[in-house]
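Trainee: let's see this in three dimensions:
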Amino acid sequence: MIRLLSLNLQHGRPGDGARLDPATAPLADLDIADAGAAREVLAALADQIRDIDPDVIALQEVDLGQRRSGRLDQTAVLADLLGWAGHRFAATYAGPVVGLRRRPRRSALTGRADDVLGPLRALLGAGPAGFGNALLTRLPVRAWRVARLGRGPAVLTRRGGGRAFDPRSYELSTSTMRNMIAAQIDPVDYAGGAGPDGAGAGGAGPDGARPGGLEPGGLAVASTHLATRTDTAAAQLAAAWAALAALPGPHVLAGDLNLHAELLAPLGIARTLGQGATYPSGAPVRRIDHVLTDPWPTGADGLPVSAQEVGSGAGGALLRAVGSGVRSLVVSDHAATWVDLEPVARRG
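Mentor: As a prediction, this is how the structure comes out:
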């Protein structure tokens, strides 16, 4: 079994969830522009994550070198606090949150050349800065992949009271670029499972064989954050899934999709796992943070087949959820959501 956790980090800002836990309530009003305060909040988050005990973490709205969050590399700091070697940040844009944003040459932003203004920033004594998504895992990673998902259309709005023919009466709003960060993970720690209709488990054999037909590097996991416009988010989701599905599977896509649960099924893109409202974190009423995986096969009657009937098709393995939950944490206006995953072997 593998537990995957997804959280919109909201750049590590203390959220309503901080006040819900007496242990983190003193952190609720900290100004994380101070690096020490920002580290203290991330340390508290790491403690809460250890309680949940995930194997993979999908993060969204992650800062790198931003003044508002103590100029920390939040991905690296959190991975260090957890003692995990596997982590990767993928910037949707380079540059400060307020200022000149730009498309990165390379999303990791680990070198000067990754940002067109990187050499200039280095001359000024400034390190890399960006904003995006991240993946962290304690499992072996064979490869990382990043896919750009584009941005939504620009919107021209007229300010209230403005004259129709006065250019100053209008405001042009542009959408944020979106991306997906994926990892091909070695699923050696999986426990084999049955499908939705049956139980059963089994670990790797003495020869190191993976259960459920899973191969080394054959589990593709991704994190993404989609646009707030429903039509744009739906198009970005289709692009993200197509990019992820091109990797060896099975596949898991997690993140803040900005889509209500009832909108996902009609899209027919993937199968949702887990349940529970995630937004807003203080008193969640709707689920916009999701975990998706490969569709379950259907029979001639259009109904899902049983685990015993899973055998035709592309081969490989499917995943089922054997547990899930949500929890409001010390940071963010979103609650975290997690799913326990087990593979179901395809026959044939």
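Trainee: low pLDDT regions in the stretch 101-250 of the chain?
Mentor: 154-157, 161, 168, 170, 172-174, 188-217 (pLDDT under 70).
Trainee: all helices of it, in order?
Mentor: Under the criterion DSSP state H, counting those that start in this stretch, the stretch 101-250 of the chain contains helices at 118-123, 230-245.
Trainee: highest mean neighbour count out of these?
Mentor: helix 230-245 (a mean of 19; mean count of other Cβ atoms under 10 Å). For every residue, glycine as well, the C-beta is placed using N, CA and C.
Trainee: then that helix to CSV, C-alphas only?
Mentor: Extracted C-alpha coordinates of helix 230-245, given in CSV (Å, rounded to 0.1, in the frame of the first residue of the first chain):
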residue,chain,number,x,y,z
THR,A,230,-14.1,25.9,-15.1
ASP,A,231,-13.7,25.6,-18.9
THR,A,232,-10.0,26.4,-18.7
ALA,A,233,-9.5,24.0,-15.8
ALA,A,234,-11.2,21.2,-17.7
ALA,A,235,-9.0,21.8,-20.8
GLN,A,236,-5.9,21.8,-18.6
LEU,A,237,-7.0,18.6,-16.8
ALA,A,238,-7.3,16.9,-20.2
ALA,A,239,-3.8,18.1,-21.1
ALA,A,240,-2.3,17.0,-17.8
TRP,A,241,-3.9,13.5,-18.0
ALA,A,242,-2.7,13.0,-21.6
ALA,A,243,0.9,13.9,-20.6
LEU,A,244,0.8,11.7,-17.5
ALA,A,245,-0.8,8.8,-19.4
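Trainee: give the next helix or strand downstream of that helix.
Mentor: Heading C-terminal from helix 230-245, the first helix or strand you meet, by DSSP states H and E, is strand 251-256.
Trainee: give the rounded mean pLDDT of that next one.
Mentor: The average pLDDT for strand 251-256 rounds to 98.
Trainee: check stretch 274-281 too.
Mentor: For stretch 274-281, the per-residue pLDDT averages 97.
Trainee: same check, this time on stretch 14-23
Mentor: Here the average pLDDT along stretch 14-23 is 95.
Trainee: can you list the neighbours in contact with it?
Mentor: Outside stretch 14-23, the residues within contact range by Cβ atoms under 8 Å, 6 or more residues apart in numbering are 24-25, 27-30, 32, 41, 44, 48, 280-283, 327-335.
Trainee: please name every helix or strand in contact with the longest helix anywhere in the chain.
Mentor: Secondary structure assigned by DSSP state H gives helix 35-52 as the longest helix of the chain. Judged by 3 or more Cβ pairs under 8 Å, 6 or more residues apart in numbering; DSSP states H and E, helix 35-52 is in contact with strand 2-8, helix 74-82.
Trainee: and the helix or strand just after the longest one, what does it pack onto?
Mentor: Think helix 74-82. Downstream of helix 74-82, the first helix or strand assigned by DSSP H and E is strand 86-94. Contacts defined by 3+ Cβ pairs under 8 Å, 6+ apart place strand 86-94 against strand 56-64, helix 74-82, strand 130-137, strand 141-150, strand 178-185.
Trainee: closest to residue 242 out of the ones you listed?
Mentor: Closest to residue 242 of the helices and strands packed on strand 86-94 is strand 141-150 (Cβ to Cβ; 8.6 Å).
Trainee: tell me the centre residue of the chain?
Mentor: With distances taken as Cα atoms, centre = their mean, the residue of the chain nearest its centroid is residue 223 (2.9 Å).
Trainee: and that residue, what does it touch?
Mentor: 6, 58-60, 133-135, 180-182, 254-255.
Trainee: try it again at 10 Å.
Mentor: Residues in contact with residue 223 (Cβ atoms under 10 Å, 6 or more residues apart in numbering) are 4, 6-7, 56-60, 62, 88, 90, 132-136, 179-183, 240, 252-256.
Trainee: cool, and residue 179?
Mentor: 90-93, 104, 107, 132-133, 146-150, 223-225, 236, 240, 243.
Trainee: can I have the buried ones of these as a ChimeraX selection?
Mentor: A single ChimeraX command selects the buried members of the contacts of residue 179 (16 or more other Cβ atoms under 10 Å):
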select :90,91,92,93,104,107,132,133,146,147,148,149,223,224,225,236,240,243
